[in-house]
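K.L.:
mind folding the following:
(one chain, ligands or ions: 2)
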Amino acid sequence: MEFLDLPQLLSAAGTVRLPGSKSISNRVLLLAALADGETEVRDLLASDDTERMLDALQALGIGVTHLGGENWKIVGCGGAFPVKQAELFLGNAGTAFRPLTAALALAGGDYVLKGVARMHERPIGDLVDGLRQLGADVSYLGNEGYPPLHLKPATIRPDGVVSVRGDVSSQFLTGLLMALPLTGQTVAVDVVGELISKPYIEITLATMARFGVVVERDGWQRFTVRAGSRYVSPGTVYVEGDASSASYFLALGAIGGGPVRVEGVGRDSIQGDVKFAEALAQMGAIIETGPNWMTACAPQGGLIAVDLDCNHIPDAAMTLATAALFAKGTTTLRNIASWRVKETDRIAAMATELRKIGAVVEEGADFIKITPSTARPAAIDTYDDHRMAMCFSLAAFATPLRINDPKCVAKTFPDYFERFATVTRAAPVIAIDGPSASGKGSVAARVAAALGFAYLDSGALYRLTALAAQRAGIAWDDEAGVAAIAAGLDVVFTGEDIRLAGVLVGDAIRTEDISAGASKVAALPAVREALLFRQRVFNTLPGLVGDGRDMGSVIFPRAVLKVFLTATAEARAERRYKQLIEKGFSANLPDLLADLQQRDARDSQRSVAPLRQEADARLLETTQLTIEQAVKQVLDWYSEASS
Ligand SMILES: Nc1ncnc2c1ncn2[C@@H]1O[C@H](COP(=O)(O)OP(=O)(O)O)[C@@H](O)[C@H]1O
Ligand SMILES: Nc1ccn([C@H]2C[C@H](O)[C@@H](COP(=O)(O)OP(=O)(O)O)O2)c(=O)n1
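P.N.:
Numbering: from 1, shown residues only. Ligands and ions are numbered 1, 2, ... in the order given. You can find the predicted model right below:
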């Protein structure tokens, strides 16, 4: 499985131009397809969900032309799709599936609508019931009440009023409303139960109005579309930036200092999720808004917990759940039952993953309560849910973490993590790589002490793996066996002390035998893989100095400073000789030199993470230098690199 490792974050500031709103994009595409005339759609969101809609429209015979960038031309069909028989695959795109179901059920053709497995677990029965009241012929191909669906031609006989439930997903009402002009008659929709996510209905009404259809509204209970309503292209439509996507960046500013500015949505937005900014302000964040921009900064004393009804911001509220990790007290998010029928059961997923990083979480049918506690690194599962991946990126302010399957963000925000990187600063790393006995450990530990940073002796992990394998009777060339040992290493570093399975290791990992074993196990790709995340979790505040062979190339490629530390083989053999004698080991200089040359060769010739000076690493030749001189040089380079 693909993953993305995030270091602990230090701060956030900058500006992000948001991608187009998913909700607006897919509504505009469908209405442009149903309208009379051509529509130029500008700033459309480029994502999986909009691709599913564009593909479906093309399959239905709609003229779709990419004008370059985020701009598209849609040739409307005036309410009659040219293709009367089709099978459409809509992935996990609810914003494509529900409205297309409604429009196609009234379109007089024979259509099959399918999605991914999760889409087939997301209820659609309430919408189908509504459509059947209009005479539509809709049947379930799998489970009753769920996609896939078969829609057949039918006589549509609107008899005035249709009832639809409003308390499961507002997308059912959205789908129905957008399809009603296709009946040509006056139809009223009565909402049964409390309508949730009202702001999404506002987006629907505003978008329909942009295409010339005005829906009469009686509170949130009854919506009427008059006979003769027709969609007409407004010519050009600009899609607003995505307000839900804005939530991650505003939260970054609120947690990481800021200011973080988002452009593309603001005070004038038609999207309900802009209200997320108000929720963040209640947590203490300093928010400013303009017509189409917003900024967020962290408050002096840090964020504070809130108890909020989130019915009006169901998607953006997820962002509050991870922002709660940085708020004093217990945050309660209420009235969020719809989370359970989204891309995944978001209440369960959020609770499980927040607990992994140490938060105390209570969940109920329609609420979640989060109390922060000491954070610990973890690998976060994302459940094929873009918002899980984006929400948990915020948690990196508390701890380094791994995001599994980060590409699931493509559903609404394909380049999310690239943008995230441009507005965040991570805890700095100084990477010191070089051959055996070049002085890496001595220099790295002193540099770390001078800066107050943590120190990672990565070689010790390979040495510990070799030792633990030896103790377990596993041969050093048994890749799977040694990798399992590496993955399960029970090791605790405290200052200079290293404990393996609770017992002090001392010099047992420094013998020449274990040195040779370490070099052998280090050549096994599965072992390196198993030790990757274990090393990256050292990347915490205020900073880290890591020494080894691949600190700058593989483990911390974004290190602020990379140093390749070396000395002649003779000088290194002599240093090692002295070191061993001082420790009371017996040693022989010619043997040491031969051993060291053999190890240099093995470390630099292996296929994975070979020892070599990277193009972006600075060379520090120490044959003629004292340790103090070498340390000073690294500190000078660091202050240069970080200024
Ligand atoms: N520049 C230097 N000049 C002289 N001795 C050094 C220098 N750097 C390191 N040493 C000594 O060499 C030995 C090996 O250094 P160490 O830091 O353990 O190397 P590495 O971590 O690269 O294997 C230590 O005893 C250390 O004190
Ligand atoms: N990041 C690292 C660190 C060490 N190794 C390998 C290379 C060495 O043969 C062993 C032991 O590393 P260590 O840095 O402790 O060895 P030296 O002190 O340099 O002799 O592990 C590695 O492959 N990658």
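
K.L.:
that's a strand at D5, yeah?
P.N.:
Yes - counting by DSSP: H, G, I helix; E, B strand; the rest coil, one finds D5 located in a strand.

K.L.:
start at 866, not 1
P.N.:
New numbering, starting at 866: the last item is D870.

K.L.:
what's opposite it in the beta bridge?
P.N.:
Judged by DSSP bridges, the bridge partners of D870 are R1267.

K.L.:
check contacts around A1181.
P.N.:
The neighbourhood of A1181, defined by Cβ atoms under 8 Å, 6 or more residues apart in numbering, consists of A1108, S1109, S1112, D1138, K1140, F1141, A1144. In this view, the C-beta of every residue, glycine as well, is placed from N, C-alpha and C.

K.L.:
need phi/psi at it.
P.N.:
phi -70, psi -20 (degrees, to the nearest 10).

K.L.:
burial count for A1331?
P.N.:
26 (other Cβ atoms under 10 Å).

K.L.:
whichever helix or strand it is part of vs ligand 2: in contact?
P.N.:
If you go by DSSP states H and E, A1331 is part of helix 1323-1337. Yes - using Cβ under 6 Å from any ligand atom, helix 1323-1337 reaches ligand 2 at S1323, G1324, Y1327, R1328.

K.L.:
for the first one, what are its contacts?
P.N.:
Neighbour list for S1323: L1396, Q1400, G1411, D1412, G1413, R1414, D1415, M1416, I1420 [criterion: Cβ under 8 Å, 6+ apart].

K.L.:
can you get me a residue count around the residue nearest to the last one when sequence neighbours are not counted?
P.N.:
Take I1420 and drop its neighbours on the chain: the residue closest to it by Cβ to Cβ, 6 or more residues apart in numbering is Q1400, 4.9 Å away. Taking other Cβ under 10 Å as the criterion, the count of residues near Q1400 is 21.

K.L.:
what kind of secondary structure is Q1400 in?
P.N.:
helix.

K.L.:
right, and it touches D1322 too?
P.N.:
No - contact criterion Cβ atoms under 8 Å: Q1400 and D1322 do not qualify, at 10.3 Å.

K.L.:
looking at the contacts of S1323, which is nearest ligand 2?
P.N.:
G1413 (2.4 Å; Cβ to the nearest ligand atom).

K.L.:
for that closest one, give me its contacts.
P.N.:
Neighbours of G1413 in contact, by Cβ under 8 Å, 6+ apart: I1297, D1298, K1305, L1321, D1322, S1323, G1324, I1420.

K.L.:
farthest-separated two in those residues?
P.N.:
The span of the contacts of G1413, defined through Cβ to Cβ, is set by K1305 and I1420 at 13.8 Å.

K.L.:
ok, and the closest non-adjacent residue to S1028?
P.N.:
Using Cβ to Cβ, 6+ apart, the closest residue to S1028 is D1055 (4.8 Å).

K.L.:
and the helix or strand harbouring that neighbour, how far from the chain's centre?
P.N.:
Here D1055 sits within strand 1052-1057, counting by DSSP H and E. Counting by Cα atoms, centre = their mean, to the nearest Å, strand 1052-1057 is centred 38 Å from the centre of its parent chain.

K.L.:
and what of stretch 980-987?
P.N.:
Taking mean C-alpha positions (Cα atoms, centre = their mean), stretch 980-987 and its chain are 21 Å apart.

K.L.:
who touches it?
P.N.:
954-959, 962, 979, 1007-1008, 1011-1013, 1206-1209, 1249.

K.L.:
name the SS class of whatever residue of the stretch 1166-1315 of the chain ends up closest to ligand 2, please.
P.N.:
Going by Cβ to the nearest ligand atom, ligand 2 is nearest to S1301 of the stretch 1166-1315 of the chain, at 3.2 Å. Secondary structure state of S1301, per three-state DSSP, is coil.

K.L.:
just want the phi and psi numbers for it.
P.N.:
The phi/psi pair for S1301 (degrees, to the nearest 10) is phi -60, psi 140.
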